[in-house]
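Model the following, please.
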Amino acid sequence: MKKRTLITLILCLYAMVLNTSCGLFHPPNRENGYLTSHYYSCGPVAISRALDLYSEKHGVKFKRKLQPKEISIEIQDSRDFIDITELLVLFDKQAAQITWPHEMKTYLKAQSITIREIQSTSELNDEVAILLVRKKGTLDTFHWIVHPWDPLKYYGDKTVYEKMFVLIPKS
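Residues are numbered from 1 along each chain as shown. Model prediction:
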C-alpha cells in the first residue's frame, strides 16, 4: 500500500512539472531582468491613462508623460526580493502580466497621488479612478480599468469589482 502511495505521489509530481503551462520550460521573455509582457499589461496602461485623465481634469502638470513601459519598470523595481509573481511565472508565464493592488497604491503614492479606496461604483461620480475588475465565476479574468475611460461594466452584467481607487486632486 505504501509503495502504491509513493508511486501515486511521484506520478502527481511528474504531472505537475509537465503541466506547468510552459512556465518552467518556456519562461516569460525578459529584457535586462524585467518581465517584458508586464510592460504593456493592463496595470501600467491603466496608471498611464489615469494619470493623463487626472492631469487634464485637475490641471496637474507632470514633468513628462509617463509611458506604460517606464511605469512597469518602476513597479518591477519596487517588488520585494521574495516576489510572488516570480513564483507564479514558474507555473504560468502569463502571470508575468500581473500588477497587484498594493503595487498600484505604492506607485501612485510615489507619484504624490493620494488615493481613496471606495466600495461601490455609486461613489465614483465623475472622478478619475482605477478599478480592478473580474468576470463573475472566474479566477483568471482580472483586469485593471480606468474610469471614466473604460466602461464600468467591462464584462457586462458579469463584472465584479474587486478594488477601486479614486485619485484625489491635490489641494
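
So which residues of the protein form helices?
Counting by DSSP state H, the chain has helices at residues 2-18, 42-58, 68-77, 84-88, 101-110.

Grab the most central residue of this structure for me.
residue 99 (2.3 Å; Cα atoms, centre = their mean).

Contacts only, for that one.
The contact partners of residue 99, taken as Cβ atoms under 8 Å, 6 or more residues apart in numbering, are 38, 41, 42, 43, 44, 75, 144. Backbone N, C-alpha and C define where each C-beta goes, glycine included.

do residue 133 as well
142, 143, 144, 145, 154, 155, 159, 160, 161, 162.

could you flag which of those are buried?
Buried members of the contacts of residue 133, counted by 16 or more other Cβ atoms under 10 Å: 142, 143, 144, 145, 154, 155, 159, 161.

and the fourth one, what does it touch?
Going back to what we said before, that points to residue 145. 42, 46, 130, 131, 133, 151, 152, 154.

wait, isn't the first one in contact with residue 98?
No. The pair residue 42 / residue 98 is not scored as a contact, 9.5 Å apart, by Cβ atoms under 8 Å.

Out of the two, name the residue with the larger neighbour count.
When neighbours are counted by other Cβ atoms under 10 Å, residue 42 comes out ahead of the other of residue 42 and residue 98, with 21 against 18.

tell me the contacts of the more buried one?
Residue 42 sits in contact with 97, 99, 143, 144, 145, where contact means Cβ under 8 Å, 6+ apart.

now the end-to-end length of stretch 146-157.
End-to-end distance for stretch 146-157: 18 Å, by Cα to Cα, to the nearest Å.

which parts of that stretch are buried?
Judged by neighbour count using 16+ other Cβ under 10 Å, the buried positions of stretch 146-157 are 146, 147, 150, 154, 155.

And the fourth one, how close does it get to residue 67?
When Cβ to Cβ, to the nearest Å is applied, the distance between residue 154 and residue 67 equals 23 Å.

and if you look at residue 132?
Separation of residue 132 from residue 67 (Cβ to Cβ) stands at 21 Å.
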